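Q: task: produce atomic coordinates for the following.
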Amino acid sequence: MGTIGHLEGVRGSISDNCFAPGLANPRFSQMPVDYLDTKQLEAFVAVISIGSMTGAAKALGKSQPVITRLIQDLEQELGFPILHRNGPRIAPTEQGVAFFSQAELFLSGLRTISERARAIEATRVTSVEVASIPALAASIVPLALKELPADQFPDHVHLQSTSSENVVQAVVARTADVGIASLPLDNPGVDVHWVGEVPCVAVVAASDPLAGLELLRAEDLKGRRLIASANPYRLRMRIDKALAEHSVEIGGVIDSNATYVSLALARSGLGIGIVESVTLTGLPLKDIAILPLAFHIPFYWGVITATGVPLPITVERLISLIEQKATDLPQFRKHDRIPHL
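A: Got it, this is the predicted structure:
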């Protein structure tokens, strides 16, 4: 995944390095090394977010033909199609889905820069951007924000819940003041302030035969469908390693990109979920049994900021409060160094 380019005036550049080789469609002209119009990006993000040209036009206060033209011009500049068109119905292409996250992140950065400019004029922090994985965004971060003193609370707080990869990218691009991402965190350009650890737990429907267990053993998973995170390079890697060490053969997998989805799947009786336990503190669910594991699968996350960037007092205070609230998590451990995974 590429990075967001530098800014000049009100126009933004997105490096062509952020697109995977082979995405370009020969029916479109090759993308020039030039600046993309932010109006085109706004139109595209609005269309994808709302789901229609008409809705995007209303949201942006423009006519539908103007939105259509902006999308067409953007496709021409990019060199690949970003929308499938079937009469009034539209859907993003594979390239469009990949580009959407880049465009959304870039526009968020523009908004942050605009707010920072006004803050500089007012000589105080008026906005704070926090990028976090969903587990922490829905649990610890709101509790930490609640504890910020009134005289330090910004006029605008943007809490972006996203993947670890996007968290790191936002911090490196300086569109986020502070980020919370799961390990590994070996990325250049970020400082890791501290690392938190909690054990994973198993979750099953309250009606599941295993719901009454005090501990879930590895052998209890034999032949059962596993519900787990999808990213093979983060928590899922440790789950798979633990099952392999115990020679457990499961009976299928459902994976998702968020713990709350895994919880809903488990509550529906679709299998046994192995999830990090942080989300459970922020989003308790009915009709679900939470079982400690008889074997250890750690979940790690780190609090990061951009290297070499002075931190406002409000951001420093928020980082401290996030740590304080994390200590209330069951079996929480703090690491001052990144653990060996």
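Q: all contacts plus neighbour counts: C-alpha atoms, from now on.
A: Will do.
Q: got any ranges where the stretch 51-200 of the chain has weak pLDDT?
A: For the stretch 51-200 of the chain, applying pLDDT under 70 flags the ranges 116-125.
Q: for it, which segments count as helices?
A: Taking DSSP state H, counting those that start in this stretch, the helices of the stretch 51-200 of the chain run over residues 53-60, 64-78, 94-122, 134-137, 140-146, 164-172.
Q: hey, where'd the strands end up in the stretch 151-300 of the chain?
A: 156-161, 178-182, 190-205, 226-229, 253-256, 272-276, 288-292, 298-306 (DSSP state E, counting those that start in this stretch).
Q: and Glu94, which of these is closest to it?
A: Taking Cα to Cα, strand 253-256 is the member of those nearest to Glu94, at 18.9 Å.
Q: pLDDT of the closest one, averaged?
A: Strand 253-256 carries an average pLDDT of 95.
Q: who does that strand pair up with?
A: Partner strands for strand 253-256, per DSSP bridges, with pairing direction: strand 226-229 (parallel).
Q: what's in contact with the partner strand?
A: For strand 226-229, the surrounding residues in contact (Cα atoms under 8 Å, 6 or more residues apart in numbering) are 235-236, 250-259, 262, 265-266, 271-275.
Q: next one: stretch 294-312
A: For stretch 294-312, contacts defined as Cα under 8 Å, 6+ apart pick out 125, 171-172, 174, 177-183, 185, 189-200, 215-218, 235, 238-239, 242, 276, 319.
Q: out of the residues you listed, which end up buried?
A: Listed as buried from the contacts of stretch 294-312 are 125, 171-172, 174, 177-183, 185, 190-200, 215-218, 235, 238-239, 242, 276, 319; burial here means 16 or more other Cα atoms under 10 Å.
Q: check which helix or strand covers the spatially closest residue to Leu70 that is not a sequence neighbour.
A: Closest residue to Leu70 apart from its sequence neighbours, by Cα to Cα, 6 or more residues apart in numbering: Gln40 at 5.0 Å. Using DSSP states H and E, Gln40 falls within helix 38-50.
Q: buried sites along that helix?
A: Buried residues in helix 38-50, defined by neighbour count with 16+ other Cα under 10 Å: 38-48.
Q: stretch 307-316 too?
A: 314-315.
Q: chain center to it, what's the gap?
A: On the basis of Cα atoms, centre = their mean, to the nearest Å, stretch 307-316 is displaced by 22 Å from the centre of the chain it belongs to.
Q: could you do stretch 46-53 as well?
A: Centre to centre, stretch against its chain (Cα atoms, centre = their mean), the figure for stretch 46-53 is 21 Å.
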